[in-house]
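> no sequence on this one, just coordinates:
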């Protein structure tokens, strides 16, 4: 199952996006291309990155766990609960690939797409969010870098299937 197939017919109730503030320095200097040497150096730094992603990801997963717990307890409800879960999911989506964990980015992307379409945080929604959190923890615990191969594909498909079953159940 492809991600586009799962979310194609779902109305987005919110748009989780990164908002870039105006770049004042660029406005002063003007626009233009980036020097090829600078691009090569940036690419090299990204490829040889030695920063440990696991502590960063563990912190973000903990933020997601707290948001889930708050939604389950009722201390966060509705839009506040969804936003609290969207923030760490967006961060994991953005940073996973940068730190050589594209499977975490893929899982988090599915979660972001799902959270953009749900109207509340009922038990079924929270169960799906928990499944995503557990999957991210499994990838981190097993240190699965890259796309995860067959296991990664099966994991992504299982999460997409869970989302598709949710949408199907909510139609009836």
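On my side now, so go ahead. These numbers were taken from a predicted model, which means no experiment stands behind them.
> center of this protein - which residue?
residue 108 (2.4 Å; Cα atoms, centre = their mean).
> what's the pLDDT at that residue?
We have a pLDDT of 97 for residue 108.
> and what of residue 46?
68.
> do the same with the one 3 residues further on
We note a pLDDT of 69 for residue 49 in this prediction.
> same deal with residue 43?
Looking at residue 43, the pLDDT reads 75.
> What is the neighbour count of residue 91?
18 (other Cβ atoms under 10 Å). In this view, the C-beta of every residue, glycine as well, is placed from N, C-alpha and C.
> so it sits right up against residue 60, yeah?
Yes. Taking Cβ atoms under 8 Å as the definition, residue 91 is a contact partner of residue 60 at 5.1 Å.
> circling back: from what I see, the residue nearest to the centre of the chain and residue 87 are in contact.
No. Between residue 108 and residue 87 there is no contact under Cβ under 8 Å: 11.2 Å.
> how about low-confidence regions in this protein?
Applying pLDDT under 70 to the chain flags the ranges 1, 17-21, 23-32, 46, 49, 172.
> how about the spatially closest residue to residue 76 that is not a sequence neighbour, what does it touch?
Distance criterion Cβ to Cβ, 6 or more residues apart in numbering; nearest residue to residue 76, sequence neighbours excluded, is residue 70 at 4.0 Å. Applying Cβ atoms under 8 Å, 6 or more residues apart in numbering, one finds that residue 70 lies in contact with 76, 81, 84.
> Can you tell me the element the residue nearest to the centre of the chain falls in?
helix 102-117 (DSSP states H and E).
> Over to residue 93?
Assessed by DSSP H and E, residue 93 sits inside helix 78-96.
> what angle separates that helix from helix 102-117?
Angle of helix 78-96 versus helix 102-117, following axes from the mean of the first three to the mean of the last three Cα atoms, to 10 degrees, is 160 degrees.
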